[in-house]
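> I need the structure of the sequence given here:
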Amino acid sequence: MIRPMRAAILAVGSELLGTERLDTNSLRLAESLERYGVELVAKYVVGDQADRIENTVSELVGLVDLVLITGGLGPTSDDLTRPATARALGRSLSIDPTIVEDIRSKFAAFGREMSPSNERQAEVPLGARVIENPRGTAPGLVLEHGGSTFFLFPGVPRELEGMIETSLEPWLSVHGAGTPEHRRVLRVACLPESEVEDRLAPAYEALGEIGLLASPGDIRVCLRASRREDLERAEGLVRSCLGEAVYGVGEVELEEAVGQGLREHGLTLATAESCTGGWIAQRLTAVAGSSDYFPGGIVAYDNRIKAEQLGVPQALIDEHGVVSREVVSAMARGANERLGSDWAVAVSGIAGPGGGSAEKPVGRVELALARSRGEVDHRQLQLPGDRRTIRLLTTQWALDLVRLQLAALKTSPV
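Okay, here's the model as predicted:
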């Protein structure tokens with residue numbers, strides 16, 4: 001049997017050794033390698049130190065078939081990947097005047113002059129092939145040496161993504177293990193991972209391995225198959241197990257699914273937010289074209305604003321408290337009326353770390369969805385986590401409440 005291609009990833013950047021920057025580039029590269037049947041045998045992260053980059057590259061020569069290097073191709077003095085790789089492979093470096101002019105023209109397009117330091121990005125090791133970078137100034141490079149192929153990519157994720165699509169994946173389709181796997185990711189909102197697991201029991205029996213990736217209020221169900229028809233069958237089975245909990249496919253976020261539903265039904269949605277401080281509105285307006293269905297929102301953090309801007313009676317607040325079904329329902333009706341929307345979603349809760357009580361502990365959240373003809377849907381939640389997690393989960397539950405009511409419209413009149 002022919003053994004699968006073996007690969008290693010080298011991420012360069014001192015910031016990746018700290019606690020504030022996640023190495024997402026390696027995850028994205030690993031995804032492409034897996035899709036094309038390439039075995040990833042090692043990942044390395046090194047700082048911006050020439051000797052460590054050089055030693056790691058030297059170690060990988062002949063050890064694996066493919067080496068993917070990200071980072072260190074910028075214009076500053078700590079961008080050392082090009083010279084360190086050249087030394088490790090025994091190659092000389094020279095400035096490519098064509099690349100210099102390309103960088104200069106990119107700066108000119110924005111009305112700026114190229115800095116002399118950008119010439120570093122035009123250094124090319126002897127025998128390397130240049131990869132164009134339409135999303136930035138640092139070109140990529142491909143070198144063959146000692147039975148290994150080396151790809152050098154910039155560390156900016158958006159630039160790397162473009163080069164994966166235009167250079168790496170076409171190369172893998174020719175040199176990799178053959179036909180890539182077919183994959184699909186189904187997105188699930190507001191269900192615990194354990195419940196998703198239990199619901200998928202029939203699918204596990206029929207399909208075998210199903211991958212679950214969980215984040216707060218959102219689970220990715222990852223499917224893969226060697227044949228497209230098998231993937232379609234798997235998706236159908238998973239959807240039959242999870243039903244309306246599936247809100248999208250791939251990289252579609254919940255706010256996009258909500259926006260699509262609002263647009264399909266010709267409805268508008270306003271927001272009235274207390275504990276989330278405008279986060280729901282921010283998520284809705286992050287979607288291009290959201291002005292079609294989002295007229296605006298009111299952040300009513302202080303009780304005075306709830307009364308003055310949303311018309312919540314002070315007597316209602318005094319009797320039930322701001323975190324209550326009665327007050328959040330009044331907030332939703334107020335936003336509905338004052339902003340002239342078809343629907344309005346409102347939230348009020350105790351995000352912590354203080355402010356809770358035995359009756360209303362930290363994590364207690366009230367949601368309400370009001371509709372222009374008077375109906376109000378209500379949810380009471382007890383959410384786990386720290387302040388940020390509680391607020392994030394609140395936005396997720398609020399948006400999912402809207403999504404589920406939109407889905408119900410397909411089988412009933414507005």
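
> please make it C-alpha for all contacts and neighbour counts, starting now.
Fine.

> quick one: residues contacting the nearest residue to Gln121 once chain neighbours are set aside.
Take Gln121 and drop its neighbours on the chain: the residue closest to it by C-alpha to C-alpha, 6 or more residues apart in numbering is Ala138, 5.5 Å away. Each residue near Ala138 by C-alpha atoms under 8 Å, 6 or more residues apart in numbering is listed here: 73-74, 121-122, 154.

> hey, which helix or strand in this protein has the poorest pLDDT?
Within the chain, no helix or strand scores below helix 201-207, which has a mean of 84 by mean pLDDT, DSSP states H and E.

> and the helix or strand following that one, which residues are buried?
The first helix or strand that comes after helix 201-207 along the chain, using DSSP states H and E, is strand 211-215. For strand 211-215, burial by neighbour count (16 or more other C-alpha atoms under 10 Å) applies to Leu212.

> from the chain's centroid, how far away is the helix or strand Ser194 falls within?
Assessed by DSSP H and E, Ser194 sits inside helix 193-199. In this view, helix 193-199 has its centroid 22 Å away from the chain centroid, taken as C-alpha atoms, centre = their mean, to the nearest Å.

> how near is Ser105 to Ala122?
As judged by C-alpha to C-alpha, to the nearest Å, Ser105 and Ala122 stand 13 Å apart.

> more neighbours, the two?
Ala122 (26 against 16; other C-alpha atoms under 10 Å).

> helix, strand, or coil at the residue nearest to Gln121?
coil (DSSP: H, G, I helix; E, B strand; the rest coil).

> what does the pLDDT read for it?
Note for Ala138: predicted pLDDT of 93.

> so how far is Val402 from it?
For Ala138, the distance to Val402 - C-alpha to C-alpha - is 44 Å.

> how about the helices in the stretch 201-350 of the chain?
201-207, 228-242, 254-265, 279-285, 303-310, 314-320, 325-339 (DSSP state H, counting those that start in this stretch).

> which of the ones you listed sits most buried?
helix 325-339 (a mean of 25; mean count of other C-alpha atoms under 10 Å).

> got the angle for it vs helix 303-310?
Relative orientation of helix 325-339 versus helix 303-310 (axes from the mean of the first three to the mean of the last three C-alpha atoms, to 10 degrees): 40 degrees.

> list the helices and strands helix 325-339 packs on?
Here helix 325-339 touches strand 269-273, strand 297-299, helix 303-310, helix 314-320, strand 343-349, strand 364-371, strand 376-382, going by 3 or more C-alpha pairs under 8 Å, 6 or more residues apart in numbering; DSSP states H and E.

> show me the chain divided up by domain.
Following automatic domain parsing, one finds the domains of the chain at 6-175, 182-249, 254-408.

> out of those domains, deepest packed?
domain 254-408 (a mean of 20).

> now do the same end-to-end measure for it.
Where domain 254-408 starts and where it finishes are 16 Å apart, if you go by C-alpha to C-alpha.

> need the contact list for the closest residue in space to Leu22 that isn't next to it in sequence.
Nearest residue to Leu22 in three dimensions, chain neighbours excluded: Leu16, at 6.4 Å (C-alpha to C-alpha, 6+ apart). Residues in contact with Leu16 (C-alpha under 8 Å, 6+ apart) are 22-23, 45-47.

> enumerate the beta-bridge partners assigned to Ala42.
Under DSSP bridges, the beta-bridge partners of Ala42 are Ala8.

> kindly report the same for Phe151.
Note on Phe151: beta-bridge partners by DSSP bridges are Leu68, Val142.

> nearest the middle, which residue of this protein would you pick?
Central residue of the chain (C-alpha atoms, centre = their mean): Glu251, 7.1 Å from the mean position.

> report pLDDT for that one.
Taking Glu251 on its own, its pLDDT is 87.

> can you check the one 3 residues further on too?
The predicted local distance difference test score for Leu254 is 97.

> name all residues that make contact with it.
Leu254 neighbours (C-alpha under 8 Å, 6+ apart): 189, 247-248, 396, 399-400.

> low-confidence ranges, the stretch 1-150 of the chain, go.
Applying pLDDT under 70 to the stretch 1-150 of the chain flags the ranges 1-3.

> let's see 50
1 (pLDDT under 50).

> and the helices in it?
Going by DSSP H, counting those that start in this stretch, the stretch 1-150 of the chain shows helices at 24-35, 50-60, 81-88, 97-109.

> longest helix of the chain?
Longest helix in the chain, counting residues (DSSP state H): helix 387-408.

> could you check the angle it makes with strand 364-371?
Computed by the same axes, to 10 degrees, the angle between helix 387-408 and strand 364-371 is 30 degrees.

> residues contacting Val100?
Applying C-alpha under 8 Å, 6+ apart, the residues near Val100 are 118-119, 121-122.

> same thing but at 7 Å, please
119, 122 (C-alpha atoms under 7 Å, 6 or more residues apart in numbering).

> repeat for Val258
399, 402-403.

> which one of the residues you listed sits closest to Gly278?
For the contacts of Val258, the residue nearest Gly278 by C-alpha to C-alpha is Leu399; the value is 12.9 Å.

> quick check: the closest one vs Arg373, distance?
The gap separating Leu399 from Arg373 is 20 Å, by C-alpha to C-alpha.

> go on, Gly13?
Relative to Arg373, and taking C-alpha to C-alpha, Gly13 is found at 57 Å.

> next one: Glu255
Going from Glu255 to Arg373 by C-alpha to C-alpha gives 24 Å.

> one step back: okay, the contacts of Leu254 in a markdown table with pLDDT and distance to Val362 next?
Shown next, in a markdown table, are those (pLDDT from 0 to 100; distance: C-alpha to C-alpha, whole Å):
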| residue | pLDDT | distance to Val362 |
| --- | --- | --- |
| Ala189 | 95 | 22 |
| Tyr247 | 97 | 28 |
| Gly248 | 96 | 31 |
| Gln396 | 98 | 18 |
| Leu399 | 98 | 21 |
| Asp400 | 98 | 22 |
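
> I appreciate the help and will end here.
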